[in-house]
Each structure stands twice: as C-alpha cells, then as structure tokens.
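Colleague: Quick one, what's the 3D model for this:
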Amino acid sequence: MAGQLPLFPGVGPMGALDAPAALEEPAAQTAPASAPLSPRQMGLFDAQVRQMRAALDAIAAADLTRAASLLGGLAPDGDPVALSMQARVEEIRVQLERVGSSPPSAQVGAHLELGRRLALESGPWFSLGRTLVARAAAALGPAEGVAAGRLFVEAGDLERARSAILSVAGPPRAASLFALGDVESALDDRSSARRRYRDALLLDPFDPAFDGVADEDVRGLPFLAELEAEVDGDPRAWCAPVGIVAGILPRPRDPTSELPMPADASAAQSALLARAREFVDALVRAASPDVERSREALIEARRCMKRASSPLFAWYLARR
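Modeller: Next comes the predicted model:
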C-alpha cells in the first residue's frame, strides 16, 4: 500500500492524515428573561379570574342582570370572551323579560323551550338551561306533580322530583309509581326503583308511562312476555309476573288480587290483569316457607299458577 501511495500525489499514509477540525457549535442564544409580575399585577389578574367565575355562577343560576354587570366590568379591558358572553347574556335576559310579561300559562312552555335549547350546549349555558327547566317545573300546580317531577328529573334536581311526585293527592297511580321508579333509577337505587315499577305494573300495566321508563330491562318486559314466556292476550298485562319469574322484579309481600282495576282498561284487559295478579299471588304463596314444607299446599299453589296461565307456568318451571 505504501508503494502505491506515490501514484496519488499529495496523499500521505493514514496515520499522517490530520484529524478533522471539530465543528464549533454556535453559542446558545438565551431568550431574555421576562420581568416577573408585580404583586399589583398578580392581584389584578386574580381579581379578574374571580369576577369571571362569579359571572359564570350567576349565568348558571339565571341571575342574568348580575352576570351582565360582572361581565361588563371585564369587557372594557378588551377581553373578547367577556364581550361575547355579555352580548349573549343580554340577549337571553331580554328574552326572559318578554316571557315574564306573557300570561302564566304560556310562561311554562316558554321557559321549557328555551331551557331545553340551552341545555344542549356546554358550560354555564347548560346549567342555565337546567335552571330554566326547573323553573318551568316549579310553576306547575300540585295536581301536575308527576309532570313536574319528570321535569325536575330532566333538570337534574332529583330530590325536588321525588317531593313533587309524592305530593300528588290521592292513592298511588301507575303514572306516579313509574315516575318514582325513574327517580330512584337516576339515584342509582335499582332495588327501590324496581319495587316501584313492579307496583305500577300490578296496578296498571297499560298506562302509557310504561313505554318510557328509564330501566331498559323493565321497558323490555312486554317483549319478554310475548316472545319468551309466550303468554296469551296482551303481553303488557303479564309484565309483572313475567318480570318476577325472570328475576327482574322483586316478589311482593302483600296479595294483589284486591287492587283496583284501571279505570280505562277494557273488559279483556281487566280479565287478563286479574289472571296475572292471581299468578303473582300463587307464586308468592309457593315461595313461602310454610307452603314449601307442605307438599299439598305447594301443589295447590302451582295449580293456581297453571290455571292463571299455562304457558307462563311452563316457563316458570323451565327456569327453576
């Protein structure tokens, strides 16, 4: 190799090569340190944050006059958020003033419409929407306690919902029991909710409120009665015993045969509901300790179940 190097003038042995010069890194340029905020500046910033929070709380509580005043104190500083919110608050405040000057019967619907529209948004507008829905609920009379209760549920005020429903005078109605079940369901008390649903279904399974209950399993009982238990007649009539056999609803403690029939039920519906109640009473007797120890009493209870509904009795036996 050394003998060949002269063929390449100017190239020396490897050991003689100079090491490449180290690249010099440019000096790091440090940004000039910003001056710390003075205590006075920090105090002004904290005051603005507190004022904005107070404005948001006032919007959520529907105290729009105060909210507009608080936002107005921030807007002169050129805060675009405050300026935008102030304009929106003023627009809604004018709308509510017009609602307040309308007849009381129209105010409920107007508050409800505006509240539901605002509740589709986020932040303080969502809270304001719920407050207006609650305002509509509170304007309903005592006779409309179930409707008021459902609106309070929509507004997220579950304790007022329960109070409104329980304030309805007279014996419990299916609509009230379905609504109470929805309140208990929203409170994550499923056992209490399902007791309410069971009592409602034993009282009047034909009530339209059944179609909109919050519990999906309870709402699906008519399909279970028709397609799984294969009961005869209107499957809604059999929802209470089907739910009990399926383990969705708890067994009642008291007899159901003395319950009044729904006032607007047809003769065929009343006959089916009477049979469904007979099945439930026999089912409860069959599960009692005294009957379970007596072969004759157990056989008689099961005969009552079979007389009430042979398909449901067969489904009951298949699930044991």
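Colleague: Neighbours of the closest residue to T256 other than its chain neighbours, how many?
Modeller: Nearest residue to T256 in three dimensions, chain neighbours excluded: R277, at 4.2 Å (Cβ to Cβ, 6 or more residues apart in numbering). For the C-beta atoms, the positions are set from N, CA and C on the backbone; glycine is no exception. When neighbours are defined as other Cβ atoms under 10 Å, R277 has 23 of them.
Colleague: so how far is R50 from R277?
Modeller: Taking Cβ to Cβ, to the nearest Å as the measure, R277 falls 62 Å from R50.
Colleague: With F313 instead?
Modeller: F313 is 69 Å from R50, by Cβ to Cβ.
Colleague: Among the two, which residue is more densely surrounded?
Modeller: The neighbour count for F313 versus R50, taken as other Cβ under 10 Å, is higher for F313 (22 against 11).
Colleague: I'd say that one and M305 touch.
Modeller: Yes. Counting by Cβ atoms under 8 Å, F313 touches M305, with 4.7 Å between them.
Colleague: list residues touching both of those two?
Modeller: Here F313 and M305 have F279 as joint contacts, going by Cβ atoms under 8 Å, 6 or more residues apart in numbering.
Colleague: Now stretch 178-198: buried residues?
Modeller: For stretch 178-198, a neighbour-count test (16 or more other Cβ atoms under 10 Å) marks 178-185, 193-198 as buried.
Colleague: Endpoints of that stretch, how far apart?
Modeller: 9 Å (Cα to Cα, to the nearest Å).
Colleague: One more: stretch 58-69?
Modeller: Termini of stretch 58-69 sit 10 Å apart (Cα to Cα).
Colleague: just use 27 as the starting number from now, easier for me
Modeller: I'll keep to 27 as the first residue from here, and by that count the last item is stretch 84-95.
Colleague: which sections of the stretch 27-176 of the chain are below the confidence cut-off?
Modeller: Residue ranges of the stretch 27-176 of the chain with pLDDT under 70: 27-71, 101-104.
Colleague: Let me see the ranges of the strands in it.
Modeller: Remark: strands of the stretch 27-176 of the chain are absent; assignment by DSSP state E, counting those that start in this stretch.
Colleague: Measure how buried A291 is and give me the count.
Modeller: A291: 18 neighbours (other Cβ under 10 Å).
Colleague: Pretty sure it sits against F232.
Modeller: Yes. A291 is in contact with F232 according to Cβ under 8 Å; the separation is 5.8 Å.
Colleague: For the stretch 177-326 of the chain, give me the ranges with low pLDDT.
Modeller: 318.
Colleague: All the helices of the stretch 27-176 of the chain, residue numbers only.
Modeller: 65-86, 90-100, 106-126, 130-144, 150-164, 171-180 (DSSP state H, counting those that start in this stretch).
Colleague: Could you pull out the buried residues of the second one?
Modeller: So the one you mean is helix 90-100. Here helix 90-100 shows L90, A93, A94, L96, L97, G99, L100 as buried, counting by 16+ other Cβ under 10 Å.
Colleague: Show residues contacting it.
Modeller: With Cβ under 8 Å, 6+ apart, helix 90-100 has contacts from 74, 77-78, 80-82, 84-85, 108, 111-112, 115-116, 118-119, 122.
Colleague: which ones are touching L285?
Modeller: L228, L229, R303.
Colleague: Point me to the helix or strand that includes the first one.
Modeller: Spelled out, it's L228. Assigned by DSSP states H and E, L228 belongs to helix 216-229.
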